[in-house]
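[1] Kindly generate the corresponding structure for this input.
(chains A and B)
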Protein chains: 2
Amino acid sequence: MRVSLFRHFPIVKQSAVLFLHCALCPSASIHSFFASSVLSVPSALTPFLLFLHAILSAEMDADLQFMQEALAEARASASAGEVPIGAVLVYDGKILARSGNRTIRDNDPTAHAEIIVLREAARLLSNYRLANTALYVTIEPCSMCAGAIIQARVPRLIYGADDPKGGAVRSCFEILSNPSLNHQVEVSSGVLAAEAASILQSFFAARR
Amino acid sequence: MRVSLFRHFPIVKQSAVLFLHCALCPSASIHSFFASSVLSVPSALTPFLLFLHAILSAEMDADLQFMQEALAEARASASAGEVPIGAVLVYDGKILARSGNRTIRDNDPTAHAEIIVLREAARLLSNYRLANTALYVTIEPCSMCAGAIIQARVPRLIYGADDPKGGAVRSCFEILSNPSLNHQVEVSSGVLAAEAASILQSFFAARR
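    Purely as a prediction, here's the structure:
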């Protein structure tokens, strides 16, 4: 399993990466003022900060890489006439299951990309609880899929664009952050969001 | 398909049955005072009211009958060590699919009774939209199942007991009545609720 610092604090994590980047790369033009005038890092701390920066950057790079795979699934769904949303389920740093939406092809109202990869991963792991996994999906999950993430005890969700009409992470409902539920999910949003939204918009524009 | 008056107004429907019952059966001891003193039905209206009363009573009788079948599925789930919740999906006045929870047996986090019957019915009808159906379930659906009801466009949900910890119809979330969703579901709750709750409580008491 990949090292995941600040597991329950994605905003803290992103801020830490930015801070470390500024502190360790003062010559970069975009933040040279802050780096030179505000941040002064004792040289003894530099190796530790470099190590921390490397770990956090690697996790963010991995998020981009896996989201690209989810986007590929979304594009494949569009080609099949399905609403183009894609998902991959990552376990132990590798993709365990991947799919786009299949509701029409399978005559299955529940066959959203997220549900398919959760079911497939549980089958492969012979366990209906998916500890140590991360779910990557191109669009904010609906209430059905957010509920399934809770049922499967997925610890981490990474998604691209928000869905103002049906999103159940923060747009229409906040299923994953309800304190009465006995499972909390770490959520990262906005990963390759523009590309995810563009695929969806092109699909619906072509059908009008 | 059965006739369903007041489709979008379950409270109005139940009140109408009570009103008609009082009006048409003034000798019944429990409401003889209201019947004799408040309600006076012109005799010309009696055949129409009798007809209306018969239709509405038949629908409520059918609800009880189908909920008994869902309870039987819940009991079967308990015997298999699964959380005892049962569901039946009714189409054209007949049961099209029936199941209890199967998450543990199937290694499937999504295998709640509701999801299983929705998928099975869609497969049998070769359609991922389940128009003209009614879903009977012993306990208030969770957010996953409520979301699936929306995805499948199920027009009517009848359930037994509320679930204060995870119910997504009215307890923790109100998934089905969100005005931003483009599908509305008629909901009847409390049907054989005591029996449904008792099965669940006995199951968890035995496991403590």
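
[2] Ends of stretch A:79-92, what's the gap?
    Start and end residues of stretch A:79-92 are separated by 30 Å (C-alpha to C-alpha, to the nearest Å).

[3] er, stretch A:178-197 I mean
    26 Å.

[4] residues of it that come out buried?
    Within stretch A:178-197, the residues that count as buried by 16 or more other C-beta atoms under 10 Å in any protein chain shown are A:178, A:181, A:185-189, A:191-193, A:195-197. Every residue, glycine included, has its C-beta placed from N, CA and C.

[5] Point out the residues in chain A that sit beside chain B.
    Within chain A, the positions adjacent to chain B are A:103-104, A:106-112, A:115, A:118-119, A:122-123, A:125-130, A:142-148, A:150-153, A:165-166, A:168, A:172-173, A:175, A:178, A:180-181 by C-beta under 8 Å from any C-beta of the partner chain.

[6] Now intersect those with the helices, please.
    Members of these lying in helices (criterion: DSSP state H): A:103-104, A:106, A:115, A:118-119, A:122-123, A:125, A:143-148, A:150-151.

[7] Of all residues in chain A, which one is nearest the centre?
    Central residue of chain A (C-alpha atoms, centre = their mean): A:Ile158, 1.3 Å from the mean position.

[8] Relative to B:Ser180, how far out is that residue?
    25 Å (C-beta to C-beta, to the nearest Å).

[9] Report the buried members of the residues of chain A next to chain B.
    With neighbours counted by 16+ other C-beta under 10 Å, those contain buried members at A:103, A:106-112, A:115, A:118-119, A:122, A:125, A:128, A:130, A:142-148, A:150-153, A:166, A:168, A:172-173, A:175, A:178, A:181.

[10] What ranges does chain A have for its helices?
    Taking DSSP H as the criterion, chain A carries its helices at A:10-24, A:32-37, A:46-79, A:103-106, A:113-125, A:143-151, A:193-207.

[11] so which of those is the most packed in?
    helix A:143-151 (a mean of 29; mean count of other C-beta atoms under 10 Å in any protein chain shown).

[12] That helix - contacts with which helices or strands?
    Packed against helix A:143-151 by the contact rule (3 or more C-beta pairs under 8 Å, 6 or more residues apart in numbering or on different chains; DSSP states H and E) you find helix A:113-125, helix B:143-151.

[13] May I see those organised as a markdown table, with distance to B:Leu45 added?
    Listed next are these as a markdown table, based on distance: least, C-beta to C-beta, whole Å:
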| stretch | distance to B:Leu45 |
| --- | --- |
| helix A:113-125 | 52 |
| helix B:143-151 | 38 |
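
[14] Could you dump those helices into JSON lines and include distance to B:Arg208 and mean pLDDT?
    Converted to JSON lines, those look like this (distance: least, C-beta to C-beta, whole Å; pLDDT from 0 to 100):
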{"stretch": "helix A:113-125", "distance to B:Arg208": "27", "mean pLDDT": "98"}
{"stretch": "helix B:143-151", "distance to B:Arg208": "26", "mean pLDDT": "98"}
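
[15] For A:Ala78, which of those helices is the nearest?
    Nearest of these to A:Ala78, taken as C-beta to C-beta: helix A:113-125 at 12.0 Å.

[16] quick one: the closest one to helix A:143-151, angle?
    30 degrees (axes from the mean of the first three to the mean of the last three C-alpha atoms, to 10 degrees).

[17] so what does helix A:113-125 touch, helix or strand wise?
    Packed next to helix A:113-125, using 3+ C-beta pairs under 8 Å, 6+ apart, are helix A:46-79, strand A:86-91, strand A:94-100, strand A:133-139, helix A:143-151.

[18] which stretch in these is the model least sure about?
    Lowest mean pLDDT within the helices and strands packed on helix A:113-125: helix A:46-79, a mean of 87.

[19] Leaving out chain neighbours, which residue sits closest to A:Tyr159?
    A:Val137 (4.9 Å; C-beta to C-beta, 6 or more residues apart in numbering or on different chains).
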